[in-house]
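Visitor: just the structure for this:
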Amino acid sequence: MTETIESPAKPHNCATDGPPHAWYVVKDDKGKEKKQTPDEAKKNKAAEANDYRAKDAKKAATAAAIKAPPPKPRFANDARSADFEAKSIAENEKKKPIDGCEVEYKCKNCPANTKVDIVFEDGQVAESQSETAENYDTDKRKSNQAKMLVDIQRQNNEERGTSHTPMAKFDGTNVGDPALAKKAAERRKMEFENVP
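Guide: Numbers count the residues shown, from 1 in each chain. Model prediction:
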């Protein structure tokens, strides 16, 4: 009689197998979590947007000085994105308390890392999207980012006994087709919100 011996199950390795990860909030040299208050984040995003606009203004001034055609604004999308992130934070503060913004997460078991735009006090996470629906729908980076947000939300829900869905907040002035954005967000297991 031949005895069948089952080999032990291979342990999960998130570095090769993907989620679930074991997320933690990164700390600085002083042991403080790497995150910003909503006021700090809004101020930093406004400064970032102004820096982008200043870069474009400098290029335009240089072109004018040498009587060259004005250059196409190179940083307009980046400035709009930073402005929208600040607006998204301000709008969300009105809905429920925010624990932190620009929160840095890493996995304990592999090199995975990401920044989360908004983490609410109840553990729900949110990402601001200033892209058009068409770009969001096809952008592989956004798909990978969404997978990490969904996994962070899974862990937060397990730790807190909640059942939140991560939020994808879209810039209503730039989204293009809101129905496509909603479909793409829902396919990525995220709750869609169009911010006017």
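
Visitor: give me phi/psi at I118?
Guide: phi -140, psi 130 (degrees, to the nearest 10).

Visitor: quick one: it and K95 touch, right?
Guide: No - taking C-beta atoms under 8 Å as the definition, I118 is not a contact partner of K95, at 10.5 Å. Just so you know, the C-beta spots here come from the backbone N, C-alpha and C atoms, and that holds for glycine as well.

Visitor: name whatever forms a beta bridge with V25.
Guide: Counting by DSSP bridges, V25 forms beta bridges with Y105.

Visitor: that one and N156, how far apart?
Guide: 11 Å (C-beta to C-beta, to the nearest Å).

Visitor: could you pull out the helices in this structure for me?
Guide: 14-17, 38-65, 76-93, 133-138, 140-160, 178-187 (DSSP state H).

Visitor: next one, pLDDT for the spatially closest residue to P178 that is not a sequence neighbour please.
Guide: Using C-beta to C-beta, 6 or more residues apart in numbering and skipping residues adjacent in sequence, the residue nearest P178 is N194, 5.1 Å away. If you check N194, the pLDDT there is 82.

Visitor: cool, and K182?
Guide: 84.

Visitor: what's the burial count for it?
Guide: K182 has 19 neighbouring residues, counting by other C-beta atoms under 10 Å.
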